[in-house]
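**Q** got a structure for you, letters missing:
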């Protein structure tokens with residue numbers, strides 16, 4: 001699958017999905033799909049408790065998504081100089097409220 005990168009024995013998204021609460025999984029999948037649709041150079045780095053989306057092989061991450069019982073916590077990095085923004089999206093909220101933030105972070109990270 002495009003956008004996947006592996007260094008050593010890292011987990012893949014299929015394994016990671018098993019730890020996401022069932023009620024949060026559709027939201028997490030929507031965020032993931034949105035990130036991949038931002039550009040062909042979006043890479044996914046599946047970590048122990050979260051998934052990080054990066055721009056190209058320079059690994060400038062723009063979104064760090066961690067599932068919770070009631071939603072997700074997202075850290076947004078727009079540039080190396082700006083402070084990291086943290087938002088919480090509850091499972092009853094629409095990600096469309098936040099996608100412009102994701103897009104801006106993707107476009108501005110270098």
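**A** Perfect, I can see it now. The shown structure was predicted, so the numbers you read here are calculated from the model rather than taken from an experiment. Numbering: from 1, shown residues only.

**Q** now do the lengthiest helix in the chain: everything it contacts.
**A** When the chain is parsed with DSSP state H, its longest helix is helix 25-37. Contact partners of helix 25-37, identified using Cβ atoms under 8 Å, 6 or more residues apart in numbering, comprise 2-3, 13, 17, 20, 42, 44, 51, 53, 63, 65, 67, 71-72, 74, 89, 91, 95, 99, 102, 106. Using the backbone N, CA and C atoms, a C-beta is placed for each residue, glycine as well.

**Q** now, these that are in strands?
**A** If you go by DSSP state E, the contacts of helix 25-37 have 42, 44, 51, 53, 63, 65, 67, 71, 72, 74, 89 in strands.

**Q** what's the pLDDT at the fourth one?
**A** What the model reports as pLDDT for residue 53 is 96.

**Q** for it, give its distance to residue 22.
**A** From residue 53 across to residue 22, the span is 22 Å (Cβ to Cβ, to the nearest Å).

**Q** ok, those two, which is more surrounded?
**A** residue 53 (25 against 7; other Cβ atoms under 10 Å).

**Q** for residue 96, what are its contacts?
**A** Counted by Cβ under 8 Å, 6+ apart, residue 96 has zero contacts.

**Q** er, residue 88 actually
**A** 68, 71, 72, 73, 74.

**Q** list buried residues within those.
**A** 71, 72, 74 (16 or more other Cβ atoms under 10 Å).

**Q** quick check, nearest of those to residue 84?
**A** Nearest to residue 84 out of the buried ones among the contacts of residue 88 is residue 74 (Cβ to Cβ; 10.3 Å).
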